[in-house]
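*Asks:* Only the shape, not the letters, is given here:
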């Protein structure tokens, strides 16, 4: 009996041990569970973020014409990427066809991109905002159609990426093609933190690059919903983007188009290398047209365009020929060294000065001093120029703006070249410079100089842009302009104006006569020097003014480079000028006086 009792006692003890061990195991497991839960509760939690943030890129400002057209603007660029491993091979062709439809990219090009490599592929860097919205809608549809499948990485992770469409940069857009080039210039792309921006390289894009550049990107910090979309609430932070300033030009598109058409047609007719035309309002210097027959597409510059990238009116310097004679004559008048009615010996059209023989196209024996300008006598102006001292000659031409920047602040503007004062004290240099050889100028310098005759003796700075506009607020910032400079006395300017009017009526500029308008100007035909000697090629110019009784006053300049059909300015530059004047009358920029026109027609009929 005692043995049985002992056995029962051992069984009870074993049961108690097992219960204790089980209890300890349960307690340990509970403790581990509690520690894990506490760790998760107290540690970093990888829960979805309750807030989201984003950046809105600011854009480059626009160039806006005087009549309100955007001739250069900016649009955002988007890129589309896809991981080829995520495309179901059985539905690859469906993806190609749908992406082609929504993006406008040929399906052949898409297949080529997808076939070049496995992994992430950029299907396009140049997607417009409108196309980007289409493709974002397509991305959801592709998921619904099961076109994308998961793939497993070597580490065992599964990845599913769909079609991604993200903002990648900005593109410069020129809605009117080559209009106003090369004046507006062109930009070049650069990367800013992986975002494509544009920087001005030539023309207005370069000159006003700092003002056009984006000022500040926008920033948003806001609560998000389950789909990770921002919810704008009182807790949101929002800083709007500040785009670059827009630049307002003085040039209307409607006029510029017509002037460019004239330049294009006359270039073809005259078989010229280039034709340049400038129209400037005489009182304030606002340029209404700066046109060239040689233009380019800023977004598609080809090697053949290289010669057209420079703004010829500011960057092409040349010997001006006889258009310089009125400037020299006005300096003589200003110093009291000539009277318009003085008599000058024309030497029958041939005159030896030292070792040089000077000739005239039209032969004269005796001619009045003012008719030296009217009939463009090289012999006459060569003799009259001898009355000037070298420093008077040089200072007078510089006062007109020759060899000095026009004040337009273009980075590549040519200043031109004048003979030194020592040279201008020499007889031959005085003579040749007086009829426009041995010095170099550009068309805009001549425009500024001739404007003095039509503006009471005052020089104004030519202006092609007059204000900056904040696109966010519409507020404007006027661009600073130089004060007018009195170059000639009003009396001298008035006398020169009469002489230039007479030149159009009786001299070398008769081809531009338009009844009812006050027109004046001077022609210039100059041999071109190449390789140190003059060749049988010419530049021709006509510089002058056109006024009406309504208060419209314009200074107009035309330069024709290397015309082959004719080489006289009276048949080339004057012909271009006449077409420009006629167009300005049709468009209402000039209004001929009916009574004056009738009188002029009657007088012309009598002769």
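*Replies:* Yep, it's here. Note that this is a predicted model, so its numbers are computed, not measured.
*Asks:* Nearest to the spatial middle of this structure, which residue is it?
*Replies:* Residue closest to the mean C-alpha point of the chain, counted by CA atoms, centre = their mean, is residue 184 at 1.6 Å.
*Asks:* Surely residue 161 touches residue 119?
*Replies:* No: between residue 161 and residue 119 there is no contact under CB atoms under 8 Å: 10.3 Å. No exception for glycine: its C-beta is placed from N, CA and C like everyone else's.
*Asks:* what's the neighbour count on the spatially closest residue to residue 549 that is not a sequence neighbour?
*Replies:* Nearest non-adjacent residue to residue 549, counting by CB to CB, 6 or more residues apart in numbering: residue 593, 4.6 Å away. Per other CB atoms under 10 Å, the neighbour tally for residue 593 reads 16.
*Asks:* residue contacts, residue 593?
*Replies:* By CB atoms under 8 Å, 6 or more residues apart in numbering, the contact list for residue 593 reads 516, 517, 548, 549.
*Asks:* What of residue 413?
*Replies:* 314, 315, 405, 406, 442, 444.
*Asks:* Show me which residues of the helix or strand hosting residue 113 are buried.
*Replies:* Assignment of secondary structure by DSSP states H and E places residue 113 within helix 107-116. Neighbour counts over helix 107-116 (16 or more other CB atoms under 10 Å) mark 110, 113, 114 as buried.
*Asks:* do stretch 359-366 as well
*Replies:* 360, 364.
*Asks:* And for that stretch, what's in contact with it?
*Replies:* Identification of contacts with stretch 359-366 by CB under 8 Å, 6+ apart yields 343-351, 375-380.
*Asks:* how about 10 Å then?
*Replies:* Residues outside stretch 359-366 that contact it (CB atoms under 10 Å, 6 or more residues apart in numbering) are 322, 343-351, 367, 371-372, 375-380, 382, 435, 507-508, 525, 568.
*Asks:* Do me a favour and get the end-to-end distance for it?
*Replies:* Stretch 359-366 has an end-to-end distance of 14 Å (CA to CA, to the nearest Å).
*Asks:* before we move on, the earlier item: check the offset of the helix holding residue 113 from the chain's centre.
*Replies:* Relative to the chain's own centre, helix 107-116 is displaced by 36 Å; criterion: CA atoms, centre = their mean, to the nearest Å.
*Asks:* Going along the chain from it, find the next helix or strand for me.
*Replies:* strand 120-127.
*Asks:* tell me the mean pLDDT over that following strand?
*Replies:* Mean pLDDT, computed over strand 120-127, is 89.
*Asks:* same deal with stretch 24-41?
*Replies:* The pLDDT scores in stretch 24-41 average 64.
*Asks:* ok, for residue 447, nearest residue in space, not its chain neighbours?
*Replies:* Leaving aside its chain neighbours, residue 447 sits nearest to residue 557 (4.6 Å; criterion: CB to CB, 6+ apart).
*Asks:* where are the low-confidence patches of this structure?
*Replies:* The model of the chain has pLDDT under 70 over residues 1-16, 18, 20, 22-23, 25, 28-49, 51-52, 224-234, 598-607.
*Asks:* hang on, the earlier thing: so for residue 161 and residue 119, which residue has more residues nearby?
*Replies:* The neighbour count for residue 161 versus residue 119, taken as other CB under 10 Å, is higher for residue 161 (14 against 9).
*Asks:* Is that one in a helix, a strand, or coil?
*Replies:* Secondary structure, DSSP: H, G, I helix; E, B strand; the rest coil: residue 161 is coil.
*Asks:* just checking, what packs against the strand or helix carrying residue 259?
*Replies:* Using DSSP H and E, residue 259 sits within helix 253-270. Here helix 253-270 touches strand 70-83, strand 274-281, strand 287-292, strand 553-561, helix 573-586, going by 3 or more CB pairs under 10 Å, 6 or more residues apart in numbering; DSSP states H and E.
*Asks:* Let me know which of the ones you listed is the nearest to residue 195.
*Replies:* Among those, strand 70-83 comes nearest to residue 195, with 9.3 Å by CB to CB.
*Asks:* Could you list the domains of this protein?
*Replies:* As given by automatic domain parsing, the domain ranges for the chain are 61-155+162-170, 253-606.
*Asks:* okay, these, which one's buried deepest?
*Replies:* The highest mean neighbour count among the domains of the chain, using mean count of other CB atoms under 10 Å, belongs to domain 253-606: a mean of 19.
*Asks:* so how far is that one from its chain's centroid?
*Replies:* For domain 253-606 - counting by CA atoms, centre = their mean - the centre lies 25 Å from the chain centre.
*Asks:* Tell me how far residue 309 lies from residue 447.
*Replies:* Residue 309 sits 21 Å away from residue 447, taking CB to CB, to the nearest Å as the criterion.
*Asks:* typo on my end, it should be residue 152
*Replies:* 73 Å.
*Asks:* same check, this time on residue 334
*Replies:* Plainly put, residue 334 is 20 Å away from residue 447 if you go by CB to CB.
*Asks:* Contact partners for residue 128?
*Replies:* 75, 76, 77, 78, 103, 104, 134, 171, 173.
*Asks:* dump the residue contacts of the closest residue to the second one other than its chain neighbours.
*Replies:* Setting aside the residues directly before and after it, residue 76 is nearest to residue 129 in space (CB to CB, 6+ apart), at 5.4 Å. Contact partners of residue 129, counting by CB under 10 Å, 6+ apart, are 75, 76, 77, 78, 167.
*Asks:* Would you point out the most distant pair within those residues?
*Replies:* By the measure CB to CB, 75 and 167 form the most distant pair in those, at 11.2 Å.
*Asks:* Overlap in contacts, residue 161 and residue 119.
*Replies:* Contact criterion CB under 10 Å, 6+ apart; residues shared by residue 161 and residue 119: 82, 83, 85, 86.
*Asks:* Would you mind confirming that the third one is in contact with residue 158?
*Replies:* Going back to what we said before, that points to residue 85. No: contact status for residue 85 versus residue 158: not in contact, 11.0 Å apart, counting by CB atoms under 10 Å.
*Asks:* which residues do those two both contact?
*Replies:* Joint contacts of residue 85 and residue 158 (CB under 10 Å, 6+ apart) are 149, 150, 151, 152.
*Asks:* Now the second one: phi and psi?
*Replies:* Taking degrees, to the nearest 10, you get phi -80, psi 150 for the backbone angles of residue 150.
*Asks:* same check, this time on the one 4 residues further on
*Replies:* With angles defined as degrees, to the nearest 10, residue 154 sits at phi -60, psi -30.
*Asks:* and it, how far is that from residue 277?
*Replies:* Between residue 154 and residue 277 the distance is 68 Å, computed by CB to CB.
*Asks:* that older thread, out of the buried residues of helix 107-116, which is nearest to residue 395?
*Replies:* Nearest member of the buried residues of helix 107-116 to residue 395, counting by CB to CB, is residue 113, at 66.8 Å.
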